[in-house]
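K.L.:
Next input, structure requested:
(one chain, ligands or ions: 1)
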Amino acid sequence: MTRHSEATQQWWERARHAIPGGVNSPVRAFGAVGGTPVFIVRGQGPYVYDLEGRRYIDLVQSWGAVILGHAHPAVTEAVKRAAADGTSFGMPTTAEVELAETIAGAIPSVEMVRLVNSGTEAVMSAVRLARAVTGRPYVVKFEGCYHGHSDGMLVRAGSGAAVYGAPQGTSSPASPGVSPGAAGETLLARYNHLSDVEALFDRWGDRIAAVVVEPVAANMGVVLPEPGFLEGLRELTRRHGSLLIFDEVITGFRVGWSGAQGRLGVTPDLTCLGKVIGGGLPVGAYGGPRALMEQVAPAGPVYQAGTLSGNPITVAAGLAVLRELARPGVYERLEALGQRLAEGLRQSAREAGVALSVVQMGGLVGIAFAEAAPTDFDSARAADAGRYARFFHAMLERGVHLAPAMLEAVFVGLAHDEAVVDAVVEAAQAALIESAR
Ligand SMILES: *Cc1c(COP(=O)(O)O)cnc(C)c1O
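P.N.:
Okay, the predicted model is just below:
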C-alpha cells in the first residue's frame, strides 16, 4: 500500500476532524480499498499531482466530469472571462440560452432543457415532472443504478451508496433518514431483467409514473444494456402511459454526441444530464419534448427553482466543453482511445492469467475481476473486490489513479492520448500480476 508523507497524514487527520469521514462525497474515501486518499493540489490534462509532488494518470476525471482533461485551456479561459464579468446574477443571460440550444441540438429526446446544479437535482426534478404529468405515485428504479442522493432514489443504489450506505435489503433504503414513504414509492427491478419490469407493470401498471434508468449503467462498474432491454422499457412505458427517464448524467456527451440514446437508438421521454456539460463545475440538467417541459414553472405548474441554476461560470465552462466536443472526429478519437485501453487491459489480463472482464463504450470503460462481464447488480457485486483493492493500490504505486472502489467506472478522456493509454496498460501488466498473488 502506498506510504504517505507526514504532511498527507496530518491533512488527513485534519480532514477527518473537520469533515465527516474526511471527504465531501463518500466515494472519495478509500474505505473500499483501504489506506488514505491522496490530496490533489492541481491537475493538467490527463494528470493530477498530489501534495507530495507525485504525478498520477487520472482515470477518475472528476467522476467523468472533465472529459477534456484537467485545466483545458479553452475551459480555463472561458471560466476566467466569465468570472471577471461577475459570478452570478439571478437574472437571465444569453449564454444560458446558447447552452440549452446546444443540448437540444445534440440529444434526440430534448427540445427544451432546464439547468440545475447537480445530477441529483436533475433526476429529482424529472421524477417530480413525471409524477405531475401522469398523476401517479410510483417510480421504477433498477438495483445498482445511481441517480443521486434524493430520498426516493436511495434504494438499492449503486456507487458510494452500495459501499457506504446502510445494508440494503430489497426495497429498504440505503440510508437511515429516508422515510419509508419515499422508499415505498420506488419499485425495484434488476437491470437487464425486462421480466421484472413486466411483472411490476402487471401489478401496478396504472400507478407507475416513470421508469428511470441509466441507459448504460456506470455506477456498478459498467454494465451494458443487453439487446432489447432499453427497447423493451420503451415499449412497456408507452403501453402503460408511464414516462421513460434516461439518466444520462454519465453517458451524456461521453458515449457519443447524442448520448446513449442517440447511439443506441432508443428515445426516452425525459433525459437527465450533468457532469460533462459543466466542465467540472456544479451542474445538472433535465430536458424533453416541449409539451412536457412546458409543464415546468413558470411556464407550467410543476415547481422547480434554483438561486444559482444556469450560473454564468458553469455555463461558460459547459459551452467551452461542448464547442470542443462538436469538432469533427472527436468522438471517433474518444472511441479509439477507449478501445485501445480496453484491448490493452484485456491483453494484459490474458498474459497475467487473471480473469478480468473489460467492457467499453466511448470514453467509458468498465473492469470487473470476474470471468464474464456483469449484467446486473448481483453479478457486479460478485466480482472479486479484494483483488480490485490490491490492483488499485498496485496501480496507484505505479502512478495511475483509478476509482477507489470496485463498483465505479474507468473514465478515459480526450487528454489521454495513445502514449498515456499505453502507460496505463504497461502499469496494469505489472499490477495485474502483483495483485494476483
Ligand atoms: C453522478 C450521477 C448522478 C448524481 O449527480 P451529482 O451531480 O453527483 O448529484 C446521477 N446520476 C448518475 C447516473 C450519476 O452518475
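K.L.:
just checking, residue 197 touches residue 188?
P.N.:
No: using CB atoms under 8 Å, residue 197 is not in contact with residue 188, being 10.2 Å away. In this view, the C-beta of every residue, glycine as well, is placed from N, C-alpha and C.
K.L.:
In terms of neighbours, single out the busier of those two.
P.N.:
Remark: of residue 197 and residue 188, residue 197 carries more neighbours, 22 against 17, as counted by other CB atoms under 10 Å.
K.L.:
The helix or strand encompassing that one: which residues count as buried?
P.N.:
Assigned by DSSP states H and E, residue 197 belongs to helix 194-204. Going by neighbour count (16 or more other CB atoms under 10 Å), the buried part of helix 194-204 is 194, 196-197, 200-201, 204.
K.L.:
Between residue 197 and residue 188, which contacts overlap?
P.N.:
residue 140 (CB atoms under 8 Å, 6 or more residues apart in numbering).
K.L.:
Enumerate the residues of the stretch 1-150 of the chain near the ligand.
P.N.:
Counting by CB under 6 Å from any ligand atom, the stretch 1-150 of the chain comes close to the ligand at 118-120, 123, 146-148.
K.L.:
got those as TSV, with pLDDT, distance to residue 134 and secondary structure columns?
P.N.:
Putting these into TSV (pLDDT from 0 to 100; distance: CB to CB, whole Å; DSSP: H, G, I helix; E, B strand; the rest coil) gives the following:
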residue	pLDDT	distance to residue 134	secondary structure
118	98	24	coil
119	98	22	helix
120	98	22	helix
123	98	16	helix
146	97	24	coil
147	98	18	coil
148	97	21	coil
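K.L.:
Now render these as a markdown table, adding neighbour count.
P.N.:
Below are those laid out as a markdown table (neighbours: other CB atoms under 10 Å):
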| residue | neighbour count |
| --- | --- |
| 118 | 19 |
| 119 | 29 |
| 120 | 19 |
| 123 | 29 |
| 146 | 30 |
| 147 | 31 |
| 148 | 21 |
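K.L.:
what two of the residues you listed are the furthest from one another?
P.N.:
Using CB to CB, those span at most 12.6 Å, a distance reached by 118 and 146.
K.L.:
Can you dump the C-alpha atoms of the helix holding residue 197 in PDB for me?
P.N.:
Listed next in PDB are the C-alpha coordinates belonging to helix 194-204 (Å, rounded to 0.1, in the frame of the first residue of the first chain):
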ATOM      1  CA  LEU A 194     -37.200  -7.000 -18.500                       C
ATOM      2  CA  SER A 195     -39.400  -9.600 -17.000                       C
ATOM      3  CA  ASP A 196     -39.000  -7.800 -13.600                       C
ATOM      4  CA  VAL A 197     -40.400  -4.700 -15.100                       C
ATOM      5  CA  GLU A 198     -43.200  -6.500 -16.900                       C
ATOM      6  CA  ALA A 199     -44.200  -8.000 -13.500                       C
ATOM      7  CA  LEU A 200     -44.300  -4.600 -11.900                       C
ATOM      8  CA  PHE A 201     -46.400  -3.200 -14.700                       C
ATOM      9  CA  ASP A 202     -48.800  -6.200 -14.400                       C
ATOM     10  CA  ARG A 203     -49.300  -5.400 -10.800                       C
ATOM     11  CA  TRP A 204     -49.000  -1.600 -10.600                       C
END
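K.L.:
which residues sit against it?
P.N.:
Taking contacts as CB under 8 Å, 6+ apart, the residues outside helix 194-204 that touch it are 138, 140, 187, 189-190, 208, 211, 228-229, 232-233, 236, 239-240, 242.
K.L.:
cutoff 6 Å now
P.N.:
For helix 194-204, the external contacting residues (CB atoms under 6 Å, 6 or more residues apart in numbering) are 138, 140, 187, 189-190, 229, 232, 236, 240.
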